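Student: Sequence first, predicted model second:
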Number of protein chains: 2
Amino acid sequence: MLDETVKIPSYEDMLAAHELIRPHIRLTPVRQSDYLNELTGADLFFKCENFQEPGAFKVRGAANAVFGLGDEQAKKGVATHSSGNHASCLSYAAMLRGIPCNVVMPRTAPQAKKDTVRRFGGKITECEPSTSSREEAFAKVQAETGGDFVHPYNDPRVIAGQGTCSKELMEQTGGLDMVVAPIGGGGMISGTCLTLATLAPETKVIAAEPETADDAYRSFKAGKIIADDAPKSVADGLLVPLKDLTWHFVSNHVSEIYTASEEEIVDAMKLIWKYLRIVMEPSSAVPLATILKNKDAFAGKRVGIIVTGGNVDLDRLPWMKGD
Amino acid sequence: MLDETVKIPSYEDMLAAHELIRPHIRLTPVRQSDYLNELTGADLFFKCENFQEPGAFKVRGAANAVFGLGDEQAKKGVATHSSGNHASCLSYAAMLRGIPCNVVMPRTAPQAKKDTVRRFGGKITECEPSTSSREEAFAKVQAETGGDFVHPYNDPRVIAGQGTCSKELMEQTGGLDMVVAPIGGGGMISGTCLTLATLAPETKVIAAEPETADDAYRSFKAGKIIADDAPKSVADGLLVPLKDLTWHFVSNHVSEIYTASEEEIVDAMKLIWKYLRIVMEPSSAVPLATILKNKDAFAGKRVGIIVTGGNVDLDRLPWMKGD
């Protein structure tokens, strides 16, 4: 059950978000591959959010939060804790508005992630890689800066922002039977549910998750949030648990959650790199991996796939030997 | 000097080619990266021909040749010798029309290239990796099949087809100061010259070439074709010499040829993979490598770049160790 103080974003919030962020994001292309269509028996439409300037759909929610701030709050900027795409996308959006962005990040986070946040003007405060250290560091940063906390996914502004992606996808394709997106914390899936529930209620929303980090799948089957302690997967963007707001959307509007093994995810990633010729993250390959595994569910359908991000370490690709 | 029997393709041939091939090719997107613009000081527009279904711009010229055949000749199909993108693109175009495509290919060509040609229905005749063996095998194949010879670049139909790419690029961008494309045999550069000489005569055409296979550069400076014997470069699509028809365009309309080292090419390739998040070949990275090396020539300009192809072996990327 949702706490009564939690604001559930509405379809109108998503429409307003799209107007607000449109000048600051790219209208990413939708791509198709005859070969991947043959292979799956479905008509696949890949929405290339990896082509956002900071490389991930998360710039949508981040930009909606940043550009929605009143001028007084904007002076104090925004703050978050994240070691992934949310940190760089929030820094990027803050840079566009010219306001501060403070990010608490474990000191063990990859150097490349820290470099990206700094390239976009984000200020990093390092913590130890534990929840208690992170919370302590974040409380201190927020007290000192007064920065508005923008959660990576459990935030109505963020979910409304992510929802703009499937609005574009429906406009660009002229209609779909299903939309498949990877699920981690559930921000993109929630935004997709939010948008399609009104815009195209007959279009199914399907989530795709790594087998080795299948807490959303088990939550979905159990009818309540199950959070795992530090799951592991090559799909490193999908290791965080659902929260109350995203669970609201997942439990009310998602049709199915499918899972795929690590090997299936890496195989699907290579297929997309090879035949769609785009650079995307392992997390973004989970939808195709689950489609290949459940062909009957998708055969003959028009299926949208959100390619969520494209920030990978080119020197450590998952199919390289010795890594 | 061109032999009087050689037909120089005209601007009208290019326009006709575009009408003919439009249903069979993709209108590939033009992409930008704020980061690469900052890095170069130029406004770069990347035309993503790697997104053609068979992964290279060569589908344009191939489709123009294939769909331009009369019905009688079409029954006998087409034939070529190539171990690269031309072979797969010609096979692909022939498959679309439902006619035979015979390809003579050295038995030493990578298995992946052979697989691609066969996937598109092309029939491969293997020869030894020498010019004499190839010519002998090709003469035999042509005599037996009566297939129409479509040269990879020194063919007016092919050049007219490649010219459709810069027509789209100009329409998509609304105008450019320069267009930079890699140069090997000169098919894409010739098509670009053909189109821009009429459509945008003030737009400079610039060719980019590997230092270690710089026969076009030396030809350009010497005022006559200089062909090298088996040059080597990571940009393996650019190792063939100019021929009379492509030399005609290069010598008459190209403004400059710049070169880049092997290391510069690989560095530029990684930059494009990382910041534009597309999978493309080393050959397609030569333009950015030369722009980074000659920043003053491009600073403040609107520069189109043809991303010529995206067929790479993901298990043998040039920055992987041990390869």
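Tutor: Perfect, I can see it now. The model shown is predicted, which means the values in this text are computed figures rather than measured ones. Numbers count the residues shown, from 1 in each chain, chains lettered A, B, ... in the order given.
Student: Can you give me the separation between the closest residue to A:Ala207 other than its chain neighbours and chain B?
Tutor: Excluding its sequence neighbours, the residue lying closest to A:Ala207 (Cβ to Cβ, 6 or more residues apart in numbering or on different chains) is A:Ile183, at 3.9 Å. For glycine as for every other residue, the C-beta is placed from the backbone atoms N, C-alpha and C. Noted for A:Ile183: a distance of 22 Å to chain B, by Cβ to the nearest Cβ, to the nearest Å.
Student: Also A:His18?
Tutor: Distance, A:His18 to chain B, by Cβ to the nearest Cβ: 21 Å.
Student: do the same with A:Ser133
Tutor: The value you get for A:Ser133 to chain B, if Cβ to the nearest Cβ is used, is 31 Å.
Student: Next, the contact list for that residue, please.
Tutor: Going by Cβ atoms under 8 Å, 6 or more residues apart in numbering or on different chains, A:Ser133 touches A:106, A:127.
Student: How is chain A divided into domains?
Tutor: Using automatic domain parsing, the domain parsing of chain A gives A:11-57+A:155-307, A:59-149.
Student: Tell me which stretches of chain A form strands.
Tutor: For chain A, the strands defined by DSSP state E cover A:30-31, A:43-48, A:78-81, A:101-106, A:123-127, A:148-149, A:178-182, A:204-210, A:254-260, A:302-307.
Student: what pairs with the fourth one, and is each one parallel or antiparallel?
Tutor: Taking DSSP bridges as the criterion, strand A:101-106 sits next to strand A:78-81 (parallel), strand A:123-127 (parallel) in its sheet.
Student: A:Thr259 reaches A:Pro210, doesn't it?
Tutor: Yes - A:Thr259 is within contact range of A:Pro210, at 6.7 Å (criterion: Cβ atoms under 8 Å).
Student: And these two? Which one has more around it.
Tutor: Neighbour totals were compared for A:Thr259 and A:Pro210, and A:Pro210 leads with 29 against 23 (other Cβ atoms under 10 Å in any protein chain shown).
Student: beta partners for that one?
Tutor: With DSSP bridges applied, A:Pro210 shows beta-bridge pairing to A:Ala260.
Student: Would you mind naming what in the stretch 151-300 of chain A lies close to chain B?
Tutor: Applying Cβ under 8 Å from any Cβ of the partner chain, we find that the stretch 151-300 of chain A lies next to chain B at A:270, A:273-274, A:277-280.
Student: Now with 10 Å, please.
Tutor: Proximity of the stretch 151-300 of chain A to chain B, by Cβ under 10 Å from any Cβ of the partner chain, involves residues A:269-270, A:272-281.
Student: Same list (those) but as TSV, adding distance to B:Phe138, neighbour count and pLDDT.
Tutor: Formatted as TSV, these follow (distance: Cβ to Cβ, whole Å; neighbours: other Cβ atoms under 10 Å in any protein chain shown; pLDDT from 0 to 100):
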residue	distance to B:Phe138	neighbour count	pLDDT
A:Met269	39	26	98
A:Lys270	34	16	98
A:Ile272	36	24	98
A:Trp273	34	22	98
A:Lys274	30	19	97
A:Tyr275	30	19	97
A:Leu276	34	24	98
A:Arg277	30	23	98
A:Ile278	36	26	98
A:Val279	37	27	98
A:Met280	40	26	97
A:Glu281	44	27	96
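Student: Which of those fall within helices?
Tutor: Mapping these onto helices (DSSP state H) picks out A:269-270, A:272-275.
Student: thinking again about what came up before, identify the contacts common to A:Thr259 and A:Pro210.
Tutor: Residues within reach of A:Thr259 and of A:Pro210 at once, by Cβ atoms under 10 Å, 6 or more residues apart in numbering or on different chains, are A:183, A:217, A:265, A:286, A:289-290.
Student: in the longest helix along chain A, what's buried?
Tutor: Scanning chain A for the longest helix, with DSSP H as the assignment, gives helix A:156-173. Neighbour-count burial for helix A:156-173 flags A:156-170, A:173 (criterion: 16 or more other Cβ atoms under 10 Å in any protein chain shown).
Student: Tell me the one among the residues you listed nearest to A:Pro23.
Tutor: Closest to A:Pro23 out of those is A:Thr164 (12.7 Å), distances taken as Cβ to Cβ.
Student: Ignoring the adjacent residues along the chain, who's closest to that closest one?
Tutor: In space, and not counting its chain neighbours, A:Thr164 is closest to A:His18: 4.3 Å by Cβ to Cβ, 6+ apart.
Student: so the one you found sits right up against A:Asn64, yeah?
Tutor: Yes - taking Cβ atoms under 10 Å as the definition, A:His18 is a contact partner of A:Asn64 at 8.8 Å.
Student: Compare those two (neighbour count), which wins?
Tutor: Neighbours were tallied for A:His18 and for A:Asn64 using other Cβ under 10 Å; the higher tally belongs to A:Asn64 (32 against 20).
Student: and that one, what is it in contact with?
Tutor: A:Asn64 neighbours (Cβ under 10 Å, 6+ apart): A:9, A:13-14, A:16-18, A:20-21, A:24-25, A:93, A:150, A:155-164, A:191.
Student: again, 6 Å this time
Tutor: By Cβ atoms under 6 Å, 6 or more residues apart in numbering or on different chains, the contact set of A:Asn64 is A:17, A:21, A:157, A:160-161.
Student: picking up where we left off before, nearest to chain B, of the shared contacts of A:Thr259 and A:Pro210?
Tutor: A:Ile265 (15.1 Å; Cβ to the nearest Cβ).
Student: how near is the closest residue to the closest one other than its chain neighbours to A:Pro318?
Tutor: Nearest non-adjacent residue to A:Ile265, counting by Cβ to Cβ, 6+ apart: A:Ala289, 4.9 Å away. For A:Ala289, the distance to A:Pro318 equals 12 Å [Cβ to Cβ, to the nearest Å].
Student: ok, which stretches of the stretch 51-200 of chain A are helices?
Tutor: Taking DSSP state H, counting those that start in this stretch to define them, one finds helices in the stretch 51-200 of chain A at A:58-67, A:71-76, A:85-97, A:111-119, A:131-145, A:156-173, A:187-199.
Student: Could you export those helices as TSV, including mean pLDDT?
Tutor: Shown next, in TSV, are the helices of the stretch 51-200 of chain A (pLDDT from 0 to 100):
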stretch	mean pLDDT
helix A:58-67	98
helix A:71-76	97
helix A:85-97	97
helix A:111-119	90
helix A:131-145	93
helix A:156-173	98
helix A:187-199	98
